Every structure is written in structure tokens, then in C-alpha cells.
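Visitor: Sharing a model prediction with you, sequence too.
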Amino acid sequence: MLVIKNRFINIDFHYFLSKKIVFRLSLISVFSILILLNNAKSQVSVDTDLDKLKIINKTKDSLQNQILFLEKIEIRGNKKTKRKIITREIDIQPNVSYPFKELKELIKLDENKIFNTGLFTSVRAELEFIDGSDNNIKLIFFVEERWYIWPSVIFKLADRNFSDWLFNQGAATDRFEYGFKFDQFNVRGLNERLSAMAQFGFKRRFYLGYNIPYLNKNQTFGMGFNFSYSELDQLDYTNVGNKRLFIDADSIFGDDSERRIISNTLTSNLFFTYRESYYNTHSIRLTYSRTTMIDEILQFNSNYLSRDGDVEQDYFGLTYIFRRDFRDRNNYPLKGFLIDGRLSKIGLGIFNDINLGHAQAHVAHYKPLKYNFNIASSVTGYTSYPSFQPYSNMQGLGFANNLLKGYELYVIQGQHYIMNKTELKKRLFSIEANLGKLMPLKQFRKVPIAAYFKLFFDHGYVQNNLPESSNTTVSPLLSNRYIYSYGAGVDIVTYYDAVLRLEYSINALNEAGFFINVKSGI
């Protein structure tokens, strides 16, 4: 992530995002949530252009009021993926009669469900009339498989984003992470995933994970596991003014060439999934975690791992996740809705090192408007207990997608928070380039690119019940107050789930900046 603050560039967008616009965006935020609740039982949204469906041996105009009998369904293009993994996503059934208009809508739904498995770069359906028949048809799904083997080199910043590294950490050269990573998607053609990683630099980390989405014949139960071990020679120990402060081994032991580990963490997860329908998934995750650190860290924060100044923390945790996903596309949805609820208990009474519980709910709605406009809005709420929580376990806004635009430089910790994000988008263009023989790998030849101009308004509230002089949060600027941001930007969407966001935002502290982000904002 990159930010150029307004002290470096002289750009004033206030005329474009006046108070009147902000007020309208606030109304849009409330309006979109009402739409979400009203449409919570609707079908997943798909591409509105249903006429893209190709018909073989007939013209579309002659079929508008006709009832068709589907004799069979064929899958073509799946060289590695097993047929049953694809048919698991298809709701349409053979040997059933469908009105043509209804069948077109169902086909688009199934196209999107197959695409959302993450196994294919494109999914396209065709209807073909059986020779000599006026209403007997077969349905053919053409799929193009992705590239499934991804060995890669790791070279990245250790900080939350580029802005955090550049402004908060002074562009320190010792805050890089590097190493090797291997991902094998679609192992055995069953949508399984194997991941391994060896990372060095700021954070030394080793990881191994395996996920099996379907174990039983009905393809409803799955499981997975992962292990990770990490070592740190510097870590953040407190939060001052909603910015993290770090301590390193050299500051404690003196500057020398020997690497000294001041903290390490071992984590393992075992999880089980139950996919009861195409759209509903239940997950249960059992976690074991062990963190140790050197005694000297207690000089900087005696509550880093506990209230009593412990230097070790062991716990078992249990998490339940419910997910109802009716979005058209996972990486950059334009229609549909998502409901995600989580309940967690950290500390099951075995080690008695920590006793923490929290619940989180996330609801997002995406609605198409006329003239290639779209509106997207989400609400996320989080609550936890007890009021006192060790610094290492305190949650808040500032990480991953739990972030309000315009606050990329801040970590706003607290026991409870709520936030709402709203975007009004206009599609600028959507094209698909074909690199042909210039690209030897078939999976990368087609390059879809789409761009959207947007206006956005984010707002929220973080409640922190700790005193201002606590070891965890010192002189917080942004907790226990209403915070907001507004601005404009452009989203660029391309293949393999890549999203690039270019945004200019102004926050409640009247700080303005230009930011570059990855992944969808809502």
C-alpha cells in the first residue's frame, strides 16, 4: 500500500466531495443496508446479460415461450478436475423440463457457482438441440482450468501496508521478509490444497497446511489442518496514539551481529466443514497456540501476554463460523449478499493462561443500478470479553479488511467495534485481451481487465474500556469517538482474483492522502 499525503502533492478534492456529497453518501449507506435486509432471501445475482447464452441448432427468438426437456449435461475442458467437483455446483437436473426463460437464469447461476470454486479462469455454457428434436436439449459447460502449481519467491514488507512502513517505521531496511512458498491447488483433481512456506528476515516463519473440502460421497463434509512456527527478533509492545511501537533485540542486548530471538509462537489448527447447501457453510476450528518471550519484554509492557506479567501463554481455542454466500463473484462481487458470523472462545480451561471470548458478524450487500452503476455496502460488528485483554490478543481496526479507508496508518484497538463501508461505483470499461502465442501458458493468455470509478464513505466506532494510561493503549486518538472517511477512487480488476484500488481519502482528523490497496474494499 502506498500513500502520498497532501503535504507532498498539492491536490484538493474538497470541491468534488463537498459536505453535500458526504451527506448523500450517508443516506446511501443507510438505504443500502435496508435493501440488504429486505432481499436477504433472494437468489444469488448473476450477469444481467442473459442473452450471451449460445444456442446450437435453433434461434433464441423462437424459444422465448417454449418449454425444453433437458436430456443430459456435459462438462468439457476439465483435464484434471474430477467431474463430480463440478457437478456438485450445478443445480440444474437432467431429465427435467424447464421454461426457456427460467433455464437461462438457472444456467447463469450455475456458471457463477462453478467459477467461484476458484478452479477455472472461465466458465461458459451452451444449449444444443438434439438432432431432429424441437424441444429436447443438452447443456454443455465449457471450463478453462487455472494454473494449479504455484512455486513462488517471498519478498514483502513485514508491516501492515506500505504506508505503515514508510511513515510509521521510517522505511527501515530491516523490515523485509523473504523466502519460498509452494501452493498446489486442486490436488488429485478434488479441489484440495497443499501449502508449504519457509520465510526469513523480519519474521522467521515455517508453515504447512492441507485442506480437503469433501470427504464423503455427498460432498458435504470436509476437513483440513495447518501448522506454523514463527520467531521474532523485534515485536510491537504497545500502542501510542493508535500507532504501534516496536522493540528489537539490539535495543535490549546491544548492537551486535548475532541474531537474538525475543519471541516465538507455535500454532496448529484442525478444522472441519459442513456445506449443507450451495450457499451455506458451517466450520468448526480447534486451535492450539503457545507463545513465549524473553523476560526483558516485561520492562516495556508487563501485560503483553497476561495481567500477571507472564512470559508464556498456552491455550486451546474453539471457533464456529457460519457463512451464507450469495455473491456473483468472490473476488470482486457486484451483485448478491454475504453473511459471515463467528463465535470464538480462547482458553478452554486446560492451561488457564487466558480466558477470552468474542463474536463477530459481517453482512455485505451488492446491488446493480442502471447505466453500469453499482452500490455496495457492508456492516461489521465485533464484541469481546472481558474488559482487560493482553496486548497480544487485543483486536480492533487496522488489519486486513478490518480497516476504514483513510486510516491506513493507524491501529485502533478495542474490545468492541462497529463499522460501515459504502461505495457507489460506475463501470468505466470491461475488456478481455488475448495474448495468444505471446504467452506460452494457456492459462494466462486471456487477460480480463475492468475498471470502476467510485465514491465512498466509511464510518465506525471503536470502544476501548482500558484507561488511557494502560500498558496496551496509550493516549488513543481514535477510539471512543465517531470516526469517518470519504473520498474517490478507481478499482482495477483482472485475472486470478487480482484487485488494485487507487483511492484518495480524507478522514476525521482532516488528514488527506492517496493510497494504493489490493483486494476489494467491501
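Guide: The structure has been received and is ready for your questions.
Visitor: which residues are in contact with stretch 74-87?
Guide: Where contact means CB atoms under 8 Å, 6 or more residues apart in numbering, the residues beyond stretch 74-87 that reach it are 73, 114, 117, 119-120, 138-145, 148, 186, 188-191, 214, 219. The way it works is simple: take the backbone N, C-alpha and C, and place the C-beta from them, glycine included.
Visitor: again, 10 Å this time
Guide: By CB atoms under 10 Å, 6 or more residues apart in numbering, the residues outside stretch 74-87 that reach it are 73, 88, 90, 110, 113-114, 117, 119-120, 122-124, 126, 128, 138-146, 148, 185-192, 213-214, 217, 219.
Visitor: export that stretch as CSV, just CAs?
Guide: Extracted in CSV, the C-alpha atoms of stretch 74-87 (Å, rounded to 0.1, in the frame of the first residue of the first chain):
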residue,chain,number,x,y,z
GLU,A,74,-21.9,-32.4,-20.4
ILE,A,75,-18.7,-30.9,-18.9
ARG,A,76,-15.8,-30.1,-21.3
GLY,A,77,-12.4,-28.7,-20.7
ASN,A,78,-11.7,-30.3,-17.3
LYS,A,79,-8.4,-32.1,-17.9
LYS,A,80,-7.5,-32.5,-14.2
THR,A,81,-10.6,-31.6,-12.2
LYS,A,82,-12.9,-34.5,-11.5
ARG,A,83,-16.4,-34.2,-12.9
LYS,A,84,-18.1,-34.6,-9.5
ILE,A,85,-16.4,-31.5,-8.2
ILE,A,86,-18.1,-29.5,-11.0
THR,A,87,-21.5,-31.2,-10.9
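Visitor: So for that stretch, mean pLDDT?
Guide: This predicted structure assigns stretch 74-87 an average pLDDT of 94.
Visitor: How about that stretch, which residues are buried there?
Guide: Neighbour-count burial for stretch 74-87, counted by 16 or more other CB atoms under 10 Å, picks out 75, 77-78, 81-82, 85-86.
Visitor: what do you get for stretch 410-419?
Guide: 410-417, 419.
Visitor: In a markdown table, list the residues you listed along with secondary structure.
Guide: Written out in a markdown table, the entries for those read as follows (DSSP: H, G, I helix; E, B strand; the rest coil):
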| residue | secondary structure |
| --- | --- |
| Tyr410 | coil |
| Val411 | coil |
| Ile412 | strand |
| Gln413 | strand |
| Gly414 | coil |
| Gln415 | coil |
| His416 | strand |
| Tyr417 | strand |
| Met419 | strand |
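Visitor: all helices for the stretch 1-150 of the chain, in order.
Guide: 19-38, 83-87, 100-115 (DSSP state H, counting those that start in this stretch).
Visitor: Who are the contact partners of Ile73?
Guide: By CB under 10 Å, 6+ apart, the residues touching Ile73 are 83, 86-87, 90, 92-94, 110, 125, 138-141.
Visitor: Only whichever of those residues are buried, select them in ChimeraX.
Guide: The following ChimeraX line selects those of those that are buried, judged by 16+ other CB under 10 Å:
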select :86,90,92,110,125,138,139,140,141
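Visitor: May I see the contacts of Ile73 organised as CSV, with distance to Ile375 added?
Guide: Formatted as CSV, the contacts of Ile73 follow (distance: CB to CB, whole Å):
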residue, distance to Ile375
Arg83, 38
Ile86, 32
Thr87, 34
Ile90, 30
Ile92, 30
Gln93, 35
Pro94, 38
Asp110, 26
Ala125, 28
Lys138, 39
Leu139, 33
Ile140, 35
Phe141, 31
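Visitor: List just the nearest of the contacts of Ile73 to Asp328.
Guide: Asp110 (12.2 Å; CB to CB).
Visitor: quick one: pLDDT of the closest one?
Guide: Looking at Asp110 specifically, the model assigns a pLDDT of 93.
Visitor: now do Phe162
Guide: You'll see Phe162 listed with a pLDDT of 82.
Visitor: can you offset everything so residue one is 633?
Guide: I'll keep to 633 as the first residue from here, and by that count the last item is Phe794.
Visitor: for the residue of the chain positioned farthest from its centre, phi and psi?
Guide: For the chain, the C-alpha farthest from the mean C-alpha position belongs to Gly764; by CA atoms, centre = their mean, that distance is 49.3 Å. Comment: the main-chain dihedrals of Gly764 come out as phi 80, psi 0, following degrees, to the nearest 10.
Visitor: List the residues that contact it.
Guide: Asn689.
Visitor: how about the strands in the stretch 783-932 of the chain?
Guide: Assigned by DSSP state E, counting those that start in this stretch, the stretch 783-932 of the chain shows strands spanning 808-819, 824-833, 835-844, 853-864, 866-872, 875-880, 895-907, 912-925.
Visitor: low pLDDT regions in the stretch 783-932 of the chain?
Guide: Low-confidence segments of the stretch 783-932 of the chain, defined by pLDDT under 70: 888-889.
Visitor: try it again with 80
Guide: 887-891 (pLDDT under 80).
Visitor: tell me which of the buried residues of stretch 1042-1051 is nearest to Ile978?
Guide: Distance to Ile978, by CB to CB, is smallest for Gln1047 among these, at 13.5 Å.
Visitor: Tell me the spatial nearest neighbour of the closest one, not counting adjacent residues.
Guide: Taking CB to CB, 6 or more residues apart in numbering as the measure, Gln1047 lies nearest to Ser1016, with 5.1 Å between them; neighbours along the chain are not counted.
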